[in-house]
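Asks: Quick one: sequence and predicted model below, then my questions.
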Amino acid sequence: MALQGVIDALKKQTLEEIGISFSLADILRDIKIEGTDVKLVLFSPSEKYYDFLKQKAEEALKPLGATKIEVEFTDQPPAQRQQAAPPPPQENPFEQRKRIPGVKKAIAVASGKGGVGKSTVAVNLAAALKKMGYNVGYLDADMYGPSGPTMLGAKDKQVIGKQTERGDVLIAPESHGIKVMSIGLLLPSEDTPVIWRGPVLFKALNQFLFDIDWGDEELDFLIIDLPPGTGDVQITLGQVAELDGAVIVTTPQDVALIDVKKGIQMFKEVEIPVLGIVENMSYFVCPDNGKAYEIFGKSKTEEIAKQYGTKLLGKIPIEPKVAEFADLGIPIVLAKEDSDSAKAFLKIAENVIKELSTQ
Ligand code: ADP
């Protein structure tokens with residue numbers, strides 16, 4: 001039996017019955033064909049899907065003449081080497097990295113854990129750079145909590161595909177003058193559980209980064225909003241794309257700072273320069289007496305930045321307006337430029353540019 005025929009049959013076998021909007025081919029990890037014997041290794045996050053997936057595989061392959069169909073399962077998150085078309089092994093895994101087309105400087109915004117304000121910082125950094133007169137794009141690569149497009153008022157924007165000489169591309173829509181794209185658009189429907197969306201993401205990420213039309217004019221900056229933590233998305237990104245720097249967002253608590261150290265370490269490993277740390281929710285200015293209170297305790301971020309050879313790019317206060325305007329789809333930098341947080345974001349944007357120029 002021909003490999004391509006088998007793969008085509010697996011592609012046609014969708015998994016809609018269990019609420020997953022992709023096919024058996026998307027979760028295929030390994031395949032061996034000997035005559036009419038077929039052995040498959042499929043990704044499944046749980047044993048409860050085993051019988052269903054086996055039956056689906058049989059339905060797909062029996063009509064092709066398969067006599068023996070063996071199915072094994074793995075629940076391991078996909079690594080680079082397990083992808084459908086793995087690149088040839090390299091001595092230096094970063095040699096194959098490519099620049100993102102149409103982008104002068106690509107900057108990742110990362111955080112050790114969720115809820116520290118990573119998307120808020122990413123969106124406002126993009127808005128601050130835009131306000132400074134640069135041509136800016138925002139790419140949401142956070143499949144776990146794609147809140148950035150909402151914060152930019154771009155949640156319901158239409159994305160149109162186009163055929164060009166470099167293949168099929170997606171045209172990034174614009175909001176507040178910022179080009180916006182979200183990995184959410186590529187993934188199977190929002191109802192597909194994250195546990196299933198993961199494998200498709202890894203397959204997609206590689207192409208996605210390089211297949212976006214950011215407009216006729218080159219972007220001065222592309223801000224990439226990463227998922228929280230130090231997982232496979234970050235590593236994959238570091239291996240396929242040449243990024244110019246990373247900004248790590250934290251809150252002042254010790255628990256968040258432990259993750260900052262992990263983040264710095266990871267970016268070192270994937271050879272992406274860390275431009276610095278942004279401390280969010282650093283203090284609260286009481287409107288009654290104008291006094292600043294360090295709600296999460298005395299900050300040690302600057303100390304940690306120094307210890308790890310990087311910088312504190314700035315501190316952002318807790319301001320209810322930040323969240324309120326985010327919900328309305330307007331970054332605080334654009335909504336209220338005289339607020340303390342907007343001023344802090346603009347300063348951070350200046351510091352990011354300064355750091356980039358010294359890399
Ligand atoms: P993450 O991307 O790290 O998960 P978000 O950027 O989504 O975090 O922020 C989490 C919540 O906290 C959001 O509702 C956001 O509006 C709010 N928030 C973030 N930073 C601030 C701030 N400086 N002041 C007030 N609210 C904030």
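Replies: Great, that's in hand. Residues are numbered from 1 along each chain as shown.

Asks: Only C-alpha atoms from now on, for both contacts and neighbour counts.
Replies: OK.

Asks: any idea which residue sits dead centre in the chain?
Replies: Centroid check for the chain by Cα atoms, centre = their mean gives Ala141 as the closest residue, at 2.2 Å.

Asks: how about that residue, phi and psi?
Replies: Note on Ala141: backbone dihedrals following degrees, to the nearest 10 are phi -110, psi 20.

Asks: repeat for Tyr283
Replies: According to degrees, to the nearest 10, Tyr283 has phi -160, psi 170.

Asks: That one: what's its closest spatial neighbour, skipping adjacent residues?
Replies: Leaving aside its sequence neighbours, Tyr283 sits nearest to Glu294 (Cα to Cα, 6 or more residues apart in numbering; 4.4 Å).

Asks: Quick check on the one you found: phi, psi?
Replies: phi -90, psi 90.

Asks: And the one 5 residues further on, by the same measure?
Replies: Dihedral angles phi and psi of Ser299 (degrees, to the nearest 10) take the values phi -70, psi 140.

Asks: how deep is it tucked in, by neighbour count?
Replies: 19 (other Cα atoms under 10 Å).

Asks: Pull out the buried residues from stretch 272-288.
Replies: Across stretch 272-288, burial judged by 16 or more other Cα atoms under 10 Å covers 272-284.

Asks: I meant stretch 302-320, not that one.
Replies: 302, 304-305, 310-319.

Asks: start to end distance for that stretch?
Replies: Using Cα to Cα, to the nearest Å, one end of stretch 302-320 lies 25 Å from the other.

Asks: Restricted to helices, list the buried residues of stretch 302-320.
Replies: Judged by DSSP state H, the subset of those located in helices is 302, 304-305.

Asks: Going by distance to the ligand, which of those wins?
Replies: Taking Cα to the nearest ligand atom as the measure, the ligand sits nearest to Glu302 out of these, at 17.8 Å.

Asks: pretty sure the closest one is in contact with Gly314, am I right?
Replies: No: in this structure Glu302 lies outside contact range of Gly314 using Cα atoms under 8 Å: 9.5 Å.

Asks: which residues does the residue in the stretch 151-300 of the chain that the ligand sits nearest to contact?
Replies: Closest approach between the stretch 151-300 of the chain and the ligand, counting by Cα to the nearest ligand atom: Met281, at 4.7 Å. Listed by Cα atoms under 8 Å, 6 or more residues apart in numbering, the contact partners of Met281 are 116, 251-252, 315-318.

Asks: ditto for Leu209
Replies: Shown in contact with Leu209 (Cα under 8 Å, 6+ apart): 100, 241.

Asks: pLDDT score for it?
Replies: Leu209 is assigned 85 on the pLDDT scale.

Asks: Need the three-state assignment for Ala110.
Replies: Judged by DSSP: H, G, I helix; E, B strand; the rest coil, the three-state class of Ala110 is strand.

Asks: where's the residue of the stretch 151-300 of the chain closest to the ligand relative to Lys39, distance?
Replies: 53 Å.

Asks: Tally up the residues packed near Ala66, please.
Replies: So Ala66, with other Cα under 10 Å, has 18 neighbours.
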